[in-house]
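[1] how does the following fold in three dimensions:
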Amino acid sequence: MTLKQTMIALDALDDANASGEKVRELFGSYPDVSIEVKEVTGEKGSTDFIKILIPGTDGKAKGGSAPTFGIVGRLGGIGARPSRIGLVSDADGAVAAVASALKLADMQVKGDRLKGDVIVTTHICPDAPTRPHEPVDFMDSPVDIGAMNTHEVLPEMEAVLSIDTTKGNRVINHKGFAISPTVKEGYILRVSEDLLRIMEMTTGLLPVTFPITMQDITPYGNDLYHINSILQPAVATDAPVVGVAITAQSTVPGCGTGASHEVDIAAAVRFAVETSKEVTEGTCAFYDKEEFERINKLYGSMKTLQTAGHVQGK
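    Presented below is the predicted three-dimensional model:
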């Protein structure tokens with residue numbers, strides 16, 4: 001169902017000359033899909049941010065009222081050239097995002113249009129730097145996390161799936177993908193029952209979740225340990241965010257090559273597509289609104305966790 005699109009995305013991105021423009025070419029036969037490409041330069045190089053809009057029949061892009069759903073492919077880079085040859089493990093988030101957009105676009109031309117808009121964002125950099133991290137090295141990014149959030153986490157998104165390779169740890173010992181609890185405005189909320197149901201349906205297996213900590217939902221740059229950048233979109237929006245971690249049973253470095261498994265990525269894509277259908281139709285809730293109101297009433301705002309925090313000594 002989604003393996004074809006995953007293979008197309010993998011083939012396009014496993015290329016030393018991969019770029020946002022090459023991704024744009026993949027969508028040339030989908031007239032109703034719009035794609036924007038913007039090159040952004042940082043201290044460590046440049047990358048191409050892409051935004052793909054698949055409009056819904058009653059989506060806000062056409063003046064409708066159906067919810068807008070966001071899929072973010074989160075990563076440092078799809079390659080670490082010249083120190084590594086080929087597609088790195090960290091690329092899975094970008095591959096999954098592009099493949100999700102391709103599947104939704106293909107559905108649209110075949111007459112299966114979603115009710116609401118879906119916006120897919122990620123960035124394409126085949127020569128990103130690496131950086132030390134425990135227990136294995138991470139991929140770094142040519143631009144900082146603020147730039148990534150600016151271009152990937154958009155105000156129109158009313159609920160967000162953040163897809164990221166999450167193999168460089170000893171916390172998730174499962175090959176496939178796993179989902180996080182919902183994060184909203186500094187609160188780590190319960191795992192969405194609707195998303196658990198969709199995961200069971202799309203995998204045919206019991207759902208798999210992964211733990212996150214308060215540190216993981218704070219912005220990068222505060223000298224706290226983060227499992228990776230999977231929940232960084234949550235610092236840039238008040239919309240609910242859920243991480244979709246593409247995982248391994250063993251510990252795999254983000255800069256490792258030959259470590260992308262097309263079947264696992266396709267499973268995450270299938271989950272993202274089915275979630276897109278239900279969120280835009282209004283049949284999938286990322287969180288309980290009444291419970292969120294109550295926890296705020298009882299304990300107050302936790303939005304401080306979306307900030308850099310207090311400066312030492314002040």
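[2] all helices of the stretch 201-314 of the chain, in order?
    For the stretch 201-314 of the chain, applying DSSP state H, counting those that start in this stretch gives helices covering 262-281, 289-299.
[3] using CSV, write out every CA atom in the shortest one.
    As requested, C-alpha coordinates have been extracted for helix 289-299 and formatted as CSV (Å, rounded to 0.1, in the frame of the first residue of the first chain):
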residue,chain,number,x,y,z
LYS,A,289,-9.5,18.6,25.5
GLU,A,290,-11.5,18.6,28.8
GLU,A,291,-8.7,16.8,30.6
PHE,A,292,-6.1,19.3,29.2
GLU,A,293,-8.3,22.2,30.5
ARG,A,294,-8.5,20.5,33.9
ILE,A,295,-4.7,19.8,34.2
ASN,A,296,-4.1,23.5,33.4
LYS,A,297,-6.6,24.6,35.9
LEU,A,298,-5.1,22.4,38.6
TYR,A,299,-1.4,22.9,37.9
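[4] so for that helix, what gets flagged as buried?
    By neighbour count on 16 or more other CB atoms under 10 Å, the buried set for helix 289-299 is residue 292. To be clear about C-beta, it is placed using only N, CA and C from the backbone, and glycine gets the same treatment.
[5] could the helices of the stretch 201-314 of the chain go into JSON lines alongside mean pLDDT and distance to residue 198?
    As requested, these are exported to JSON lines (pLDDT from 0 to 100; distance: least, CB to CB, whole Å):
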{"stretch": "helix 262-281", "mean pLDDT": "98", "distance to residue 198": "5"}
{"stretch": "helix 289-299", "mean pLDDT": "98", "distance to residue 198": "19"}
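[6] mind putting these in CSV, distance to residue 43 included?
    As requested, the helices of the stretch 201-314 of the chain are exported to CSV (distance: least, CB to CB, whole Å):
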stretch, distance to residue 43
helix 262-281, 30
helix 289-299, 38
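[7] between the ones you listed, which one is closest to residue 157.
    Residue 157 lies closest to helix 262-281 among the helices of the stretch 201-314 of the chain, at 10.2 Å (CB to CB).
[8] for residue 133, what are phi and psi?
    phi -160, psi 150 (degrees, to the nearest 10).
[9] quick one: residues contacting the nearest residue to it once chain neighbours are set aside.
    Nearest residue to residue 133, sequence neighbours excluded (CB to CB, 6 or more residues apart in numbering): residue 168, at 6.6 Å. For residue 168, the contacting residues are 133, 135-138, 228, 251-254, by CB atoms under 8 Å, 6 or more residues apart in numbering.
[10] mind running it again at 10 Å?
    89-90, 133-139, 227-228, 248, 251-256 (CB atoms under 10 Å, 6 or more residues apart in numbering).
[11] buried among these? Need that as a selection in ChimeraX.
    Selecting only the buried entries of the contacts of residue 168 in ChimeraX, with 16+ other CB under 10 Å as the criterion:
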select :89,90,133,136,137,138,139,227,228,248,252,253,254,255,256
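[12] would you say residue 115 is within a strand?
    No: assessed with DSSP: H, G, I helix; E, B strand; the rest coil, residue 115 is coil; it does not lie in a strand.
[13] and the residue nearest to it when sequence neighbours are not counted, how far from residue 276?
    Closest residue in space to residue 115, ignoring its immediate chain neighbours: residue 66 at 4.4 Å, by CB to CB, 6+ apart. Distance of residue 66 to residue 276, given as CB to CB, to the nearest Å: 11 Å.
[14] now list whatever residues contact both of those two.
    With CB under 10 Å, 6+ apart as the test, residue 66 and residue 276 both reach 56, 114, 116-117.
[15] so residue 90: helix, strand or coil?
    helix.
[16] for the one 3 residues further on, same thing?
    Secondary structure assignment for residue 93 (three-state DSSP): helix.
[17] just to revisit the earlier point, got a pLDDT number for the residue nearest to residue 133?
    On the pLDDT scale, residue 168 is placed at 89.
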